[in-house]
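S.K.: Sharing a sequence plus its predicted fold:
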Amino acid sequence: MQNYMSRSVDGGVTFTDVQVTDHNYTPAPISGLATGYQGDYMGITSGNGKVWCNWMDNSSGIYQSWVASVDVNVLPAGFCEDFTNATFPPPTMHEEFTGTNYWARFAQSAYGVGVGSARFNSWTASTGVVQSIISNTFVAVGANTYVTFDEAYAPWSGGNVDSLIVQSSVDGGTTFTTLARLWGGLGAQAGPLNTVFAGGLEFIPANNQWRPKSYLLPVGTNSVKLRAVSGFGNDIWVDNFCVQPLAAPIANSIGLLSQGNFIPTDPYWRFEDTIMVYLHRTDFPNVVVDSSKGVMGPNAVCSNLMFYNALNGTYYRVVQHRNSIETWSNVGTVYARGSNNHYNFVPDGASFGNNEAIVSTVPFYRGMYSGDVNQDSIIDLTDIQLIYNDALVFTGGYVVTDLNGDFFVDLTDIQFAYNNATNFVTRVAPAGGEPSNTVSNFEDASSMTFENDAVRQKYEMTKTMLQKTELQRNDQRVQKEAQMKLREEARLKRLILNKDNEIKSPSYNNNASHSGPGER
């Protein structure tokens, strides 16, 4: 047997049965008490924003009193919590914890919009502490409903791993199912929780150090839990927690050419290669909202880009290809879920800073610069050397050093990289488009207050590690400056090509087809 409570959220017009027991039991008389009437000991009351249900059963072998709570205020199927309310937990949520409560509200907010966010203090909470913030019960959701939120996390310099587990419930919070496990740490332990990848002191996120998360909810979900698990690492920040129906995403498309892979007729690529396309916020260009992998198709169009997580908005399109310079769209363009949003990089001026090579003059087409073999955002002698080494041993096949897509590494590939290196081709992006890192300011520990000795020792250890890292960075900076000086001197000499090999520029047939590349 299970116990249910019938409730109405429309003044008694309709009622919904809510299960309140979490186990089965068999009704039986209570021997020697109240003439055996077990049903006399069932009741219901309210308090602290909840309805409290009480019953007796002998599922454990003896009769005991059981209590279950049900939220009084049922939220709508679509709602958002931005933690503006100074009260914590806010009216839309409640907490689950024992001992010291490490969840709290702070003034920082995602992207600097509004005031307020929730923070779980993994910096102080001992390893293994598990505490949750949980939405109050909301109206059961239908298809294409998502839980979305923004989070911020930077690992601790010591490398301890923290986690945030996203869970959903279809029975008002009696049981939960895991939707996603997010973890964060340093190096190989860095995970989807990381929004900053450099370790540091206790983390307070800057406006551009937040990232969005989005998860499809099972039909019937009526509660969501964010379960924080401390690894004694660093703080986990959450903002803009929403449950909302969203249009189902459909395939998007871009038009794109490659300098090395270009041919003058449809499909305009010597072979149809793979690309990655990212959506970046326009106000904080370093923030990646979503990404999709696609394959270039006929007429230089990639038409199978699926962005499942992005919300409606205006974003830069950013393209990465295995041996090309990362290329940004000239402006932010609209992404609307449920619509095909096309962007064409082929026309003059379509890329940010016009940072594409001229691959055809009649008609006039541009394509991604080829030659960034090691994907360090600059085409230089390092790339040339990698291509040259493969050319010396007659390397063939699908390799990054084959720039023109003929599946053979030779002098033609070297020339593409060499010409671009002499023209100082590098990645061009909007201001703020670089990845962000934490900045650590050290205070004298003697003037600080710590919860316990473990936290004090953690601070002192971090300070020592970061100071050592800073010295190493200074040494690396000096070495890099020396290498750059040698590189610039080397640009004046043909170290790769000897005087007996005159390399001729590739000739292209510029006949136009019935439609331009990149057009659908």
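M.R.: Looks like it came in fine.
S.K.: Isn't S324 up against V359?
M.R.: No: with contact defined as C-beta atoms under 8 Å, S324 does not reach V359; the gap is 12.0 Å. From N, CA and C alone the C-beta is placed, and that goes for glycine too.
S.K.: from memory I204 sits against Q108, does it?
M.R.: Yes: assessed by C-beta under 8 Å, I204 is found in contact with Q108 at 6.4 Å.
S.K.: The two - which one has more neighbours?
M.R.: Q108 (20 against 14; other C-beta atoms under 10 Å).
S.K.: Quick one: residues contacting the more buried one.
M.R.: Counting by C-beta atoms under 8 Å, 6 or more residues apart in numbering, Q108 touches G116, S117, R119, I204, P205, W237.
S.K.: how close does the first one sit to Y102?
M.R.: The span separating G116 from Y102 equals 17 Å under the rule C-beta to C-beta, to the nearest Å.
S.K.: and if you look at the fifth one?
M.R.: Relative to Y102, P205 is positioned 17 Å away (C-beta to C-beta).
S.K.: Between those two, tell me which one has more neighbours.
M.R.: Set P205 next to Y102 and count neighbours by other C-beta under 10 Å: P205 wins out with 27 against 20.
S.K.: Next up, phi/psi of the more buried one, please.
M.R.: phi -70, psi 140 (degrees, to the nearest 10).
S.K.: go on, G187?
M.R.: Dihedral angles for G187 - degrees, to the nearest 10 - are phi 60, psi -130.
S.K.: Could you report the distance from it to T412?
M.R.: As judged by C-beta to C-beta, G187 and T412 stand 38 Å apart.
S.K.: higher neighbour count, those two?
M.R.: More crowded of G187 and T412, by other C-beta under 10 Å: T412, with 19 against 9.
S.K.: got a list of what L257 touches?
M.R.: 268-269, 300, 345-346, 356, 359, 365-368, 517-518.
S.K.: same thing but at 10 Å, please
M.R.: By C-beta atoms under 10 Å, 6 or more residues apart in numbering, the contact list for L257 reads 263, 268-269, 296, 300, 345-346, 356-357, 359-360, 365-368, 517-518.
S.K.: again with D162
M.R.: 120, 122-123, 125, 127, 153, 155-156, 182-185, 191, 193, 228-236.
S.K.: Only the buried members of the residues you listed: can you turn that into a ChimeraX selection?
M.R.: The buried subset of the contacts of D162, as determined by 16 or more other C-beta atoms under 10 Å, is captured in ChimeraX by this line:
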select :120,122,123,125,153,155,156,182,183,184,185,191,193,228,229,230,231,232,233,234,235,236
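S.K.: From the contacts of D162, which land in strands?
M.R.: Among these, the members found in strands (DSSP state E) are F120, L182, W183, G184, A228, V229, I236.
S.K.: of all these, which two lie farthest apart?
M.R.: Spatially, the most separated pair among the ones in strands among the contacts of D162 is F120 and W183, at 13.5 Å (C-beta to C-beta).
S.K.: how far does stretch 279-290 sit from the chain's center?
M.R.: Chain-centre distance of stretch 279-290: 10 Å, with C-alpha atoms, centre = their mean, to the nearest Å.
S.K.: buried stuff in it?
M.R.: Neighbour-count burial for stretch 279-290 flags L279, H280, R281, F284, P285, N286, V287, V288, V289, D290 (criterion: 16+ other C-beta under 10 Å).
S.K.: got the end-to-end distance for that stretch?
M.R.: End-to-end distance of stretch 279-290: 5 Å, with C-alpha to C-alpha, to the nearest Å as the criterion.
S.K.: Give the residue spans of this protein that score low on pLDDT.
M.R.: 7-18, 32-41, 47-49, 71-73, 435-450, 459-515 (pLDDT under 70).
S.K.: how about the helices in it?
M.R.: 381-392, 411-422, 453-490 (DSSP state H).
S.K.: Name the nearest residue to A143, ignoring sequence neighbours.
M.R.: V219 (5.7 Å; C-beta to C-beta, 6 or more residues apart in numbering).
S.K.: okay but the one you found is in contact with N144, surely?
M.R.: Yes: in terms of C-beta atoms under 10 Å, V219 counts as a neighbour of N144; the distance is 9.3 Å.
S.K.: more crowded one of those two?
M.R.: Neighbour totals were compared for V219 and N144, and N144 leads with 16 against 12 (other C-beta under 10 Å).
S.K.: ok, the closest residue to the more buried one other than its chain neighbours - contacts?
M.R.: Nearest residue to N144, sequence neighbours excluded (C-beta to C-beta, 6+ apart): A248, at 5.4 Å. Each residue near A248 by C-beta under 10 Å, 6+ apart is listed here: A143, N144, L216, Y308, R337, G338.
S.K.: And for the residue lying closest to the fourth one once chain neighbours are set aside, the neighbour number?
M.R.: Distance criterion C-beta to C-beta, 6+ apart; nearest residue to Y308, sequence neighbours excluded, is P249 at 5.4 Å. Counted with other C-beta under 10 Å, the burial measure for P249 works out to 20 neighbours.
S.K.: Show the contacting residues for P249.
M.R.: Residues 144, 290, 292, 305-310, 335-339 are the ones in contact with P249 under the rule C-beta under 10 Å, 6+ apart.
S.K.: Just to be sure, which of the residues you listed are found in strands?
M.R.: The strands, defined by DSSP E, take in D290, S292, L305, Y335 from these.
S.K.: wouldn't the third one be in contact with T274 here?
M.R.: By that I understand L305. No: the criterion here is C-beta under 10 Å, and L305 misses it with T274 at 11.6 Å.
S.K.: Need the residues touching each of those two.
M.R.: Joint contacts of L305 and T274 (C-beta under 10 Å, 6+ apart) are K293, G294, V295.
S.K.: Switch the buried residues of stretch 279-290 over to JSON lines; also include distance to F138.
M.R.: Converted to JSON lines, the buried residues of stretch 279-290 look like this (distance: C-beta to C-beta, whole Å):
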{"residue": "L279", "distance to F138": "28"}
{"residue": "H280", "distance to F138": "32"}
{"residue": "R281", "distance to F138": "28"}
{"residue": "F284", "distance to F138": "30"}
{"residue": "P285", "distance to F138": "35"}
{"residue": "N286", "distance to F138": "34"}
{"residue": "V287", "distance to F138": "28"}
{"residue": "V288", "distance to F138": "29"}
{"residue": "V289", "distance to F138": "25"}
{"residue": "D290", "distance to F138": "25"}
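S.K.: Return the set of buried residues in stretch 398-416.
M.R.: Buried-residue list, stretch 398-416, by 16+ other C-beta under 10 Å: 399-405, 408-410, 412-416.
S.K.: How far does that stretch stretch from one end to the other?
M.R.: Stretch 398-416 has its terminal residues 17 Å apart, counting by C-alpha to C-alpha.
S.K.: for stretch 422-430, same thing?
M.R.: Terminal residues of stretch 422-430 lie 23 Å apart, using C-alpha to C-alpha.
S.K.: From P91, how far off is A118?
M.R.: A118 is 14 Å from P91, by C-beta to C-beta.
S.K.: ugh, wrong one, N419
M.R.: 63 Å.
S.K.: which one of the two has more residues nearby?
M.R.: Per other C-beta under 10 Å, whichever of N419 and P91 has more neighbours is N419, with 18 against 12.
S.K.: just checking, the more buried one touches T412?
M.R.: No: contact between N419 and T412 fails when scored by C-beta under 10 Å: they sit 11.1 Å apart.
S.K.: list the contacts for the closest residue to F176 other than its chain neighbours?
M.R.: Closest residue to F176 apart from its sequence neighbours, by C-beta to C-beta, 6+ apart: Q167 at 3.9 Å. Neighbouring residues of Q167 by C-beta under 10 Å, 6+ apart: 132, 134, 147, 173, 175-181, 215, 223-227.
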